[in-house]
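Q: My questions are about this predicted structure, shown below with the sequence.
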Amino acid sequence: MSAGAGFASQVLAAALEIASAQRPATPGAALGPFYKARAPANAQLRNAGDPGLPLVVSGQVLDVRGAPVPQASVEIWQADHIGKYDLEGYRYRARIVGDGVGSYSFESVMPGHYPGRVCQHVHYRVTAPGHKPLVTQLYFATDPIFEGDPARNYARDPVIGSVELVRPVMLKGDPAEIHADVRFDLVLETL
Ligand SMILES: [Fe+2]
């Protein structure tokens, strides 16, 4: 191998190391009063005809080295489009198991605002063997409370400890079937 090729391979190795390098752990947030265990394993939370803006959330469960955490348990729960939690049953509640590379997704509706909380949000509880459980919340950059500038305004909800939890929202689909599309990766600390 020439000296030039050796240098190139070193640069490539360094780049790959950076690519799979440290990811900060996802900040935590309060569990809140509406958590219910034993939610169904159904990633299709939105039924046909449900009112509200359809929402698709996807992401990957990773560790702080950037490696996928396969088969993590991702529990999610949220209010419906007018800000009501189902306390009797399991509407808009699910326990999803990530796939072999830690990917997860679910279909729902954009949660509504409700009294006592400033921002729209989806609750998460993520567990995987060998990792610290993560309890957190997902927020939406389109929430009117942020007035288009979450970096400046995220603390208007005192529960939000980090702007990292406020995710961009893409509108996708045909004009007649628009849905909000959000990516939310979950980074777990190793035990
Ligand atoms: Fe909540």
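A: Received it, and whenever you're ready, just let me know what you need. No experiment lies behind these values; they were computed from the predicted model shown. Numbers count the residues shown, from 1 in each chain.
Q: Ranking helices and strands of this structure by mean pLDDT, which lands last?
A: The helix or strand of the chain with the lowest confidence, counting by mean pLDDT, DSSP states H and E, is helix 3-19 at a mean of 63.
Q: Show me what the helix or strand following that helix packs onto, helices and strands only.
A: As assigned by DSSP states H and E, the chain's next helix or strand after helix 3-19 is strand 54-63. If you count contacts as 3 or more C-beta pairs under 8 Å, 6 or more residues apart in numbering; DSSP states H and E, strand 54-63 packs onto strand 103-109, strand 179-183, strand 186-188. Placement of C-beta: from N, CA and C, glycine included.
Q: can I get the ones you listed in CSV with mean pLDDT?
A: Output for those, formatted as CSV (pLDDT from 0 to 100):
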stretch, mean pLDDT
strand 103-109, 98
strand 179-183, 98
strand 186-188, 98
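Q: Quick one: closest of these to Thr127.
A: Comparing the helices and strands packed on strand 54-63 against Thr127 with C-beta to C-beta, the closest turns out to be strand 186-188 (8.6 Å).
Q: circling back to that earlier point, of the helices and strands packed on strand 54-63, flag the one that's most buried.
A: Each of the helices and strands packed on strand 54-63 was scored by mean neighbour count; the highest is strand 186-188, a mean of 23, by mean count of other C-beta atoms under 10 Å.
Q: and that one, what does it pack onto?
A: Of the remaining helices and strands, those touching strand 186-188 by 3+ C-beta pairs under 8 Å, 6+ apart are strand 54-63, strand 122-127, strand 134-140.
Q: Could you take those and lay them out as JSON lines, with extra columns for distance to Ala41, mean pLDDT and mean neighbour count?
A: Putting those into JSON lines (distance: least, C-beta to C-beta, whole Å; pLDDT from 0 to 100; neighbours: other C-beta atoms under 10 Å) gives the following:
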{"stretch": "strand 54-63", "distance to Ala41": "16", "mean pLDDT": "98", "mean neighbour count": "21"}
{"stretch": "strand 122-127", "distance to Ala41": "14", "mean pLDDT": "98", "mean neighbour count": "21"}
{"stretch": "strand 134-140", "distance to Ala41": "19", "mean pLDDT": "98", "mean neighbour count": "22"}
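Q: how about the ones you listed, which one is nearest Ile76?
A: Distance to Ile76, taken as C-beta to C-beta, is lowest for strand 122-127 among the helices and strands packed on strand 186-188, at 5.7 Å.
Q: CA-only coordinates of that closest one in PDB, if you can.
A: Extracted C-alpha coordinates of strand 122-127, given in PDB (Å, rounded to 0.1, in the frame of the first residue of the first chain):
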ATOM      1  CA  VAL A 122     -46.300  12.600  23.500                       C
ATOM      2  CA  HIS A 123     -45.000  10.700  26.500                       C
ATOM      3  CA  TYR A 124     -42.300   8.100  26.200                       C
ATOM      4  CA  ARG A 125     -40.900   5.400  28.500                       C
ATOM      5  CA  VAL A 126     -38.100   3.400  26.800                       C
ATOM      6  CA  THR A 127     -36.500   0.300  28.300                       C
END
